[in-house]
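> Sequence and computational prediction follow.
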Amino acid sequence: MAPAAPRVPRAPRAPRLLGAARLLLLLLLLLGPAGTSGAPVVAELRCQCLQTLQGIHLKNIRSVQVTPSGPHCAQTEVVAALKDGREVCLNPEAPLVKRMIQKILSKDSTN
């Protein structure tokens, strides 16, 4: 008769709490958006524009997004999407940017 192989201890099993934590996380992810219906979605809770340009030629701009100041950022932000695919931040206090925004607003109000 062959000698019995020595018994090797098994690795301890993962605690059952890990499975419960995964289930709780899944439930929170599924139920989370239900309580926030109608609330605006904010992608970032910080300022997007760390550096700004004083202006850029209108023919290079595809679109402009103006984000008013709020809890995410203390300053108004003007982000211009350029025709070459880049996005740049413009200084909202620069005279050229103010005129550009007024021109865009007046153009939109006539349509």
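Structure received. Because the structure is predicted, anything quoted here is derived from the model rather than measured.
> From residue 60, how far off is residue 47?
23 Å (C-beta to C-beta, to the nearest Å). Heads up, the C-betas are built off the backbone N, CA and C, glycines and all.
> Against residue 94, how distant is the closest residue to residue 61 other than its chain neighbours?
The shortest distance from residue 61 to any non-neighbouring residue, by C-beta to C-beta, 6 or more residues apart in numbering, is to residue 80 (5.0 Å). Residue 80 is 12 Å from residue 94, where distance means C-beta to C-beta.
> Can you pick out the residue with more neighbours from those two?
Per other C-beta atoms under 10 Å, whichever of residue 80 and residue 94 has more neighbours is residue 80, with 22 against 15.
> What helix or strand is residue 88 located in?
For residue 88, the host element (DSSP states H and E) is strand 87-90.
> for that strand, packing partners?
strand 77-82 (3 or more C-beta pairs under 8 Å, 6 or more residues apart in numbering; DSSP states H and E).
> Residues touching the strand it packs on, excluding its own?
Contacting residues not belonging to strand 77-82 are listed as 47-49, 52, 56, 60-67, 87-92, 97, 101 [C-beta atoms under 8 Å, 6 or more residues apart in numbering].
> Understood, closing this out.
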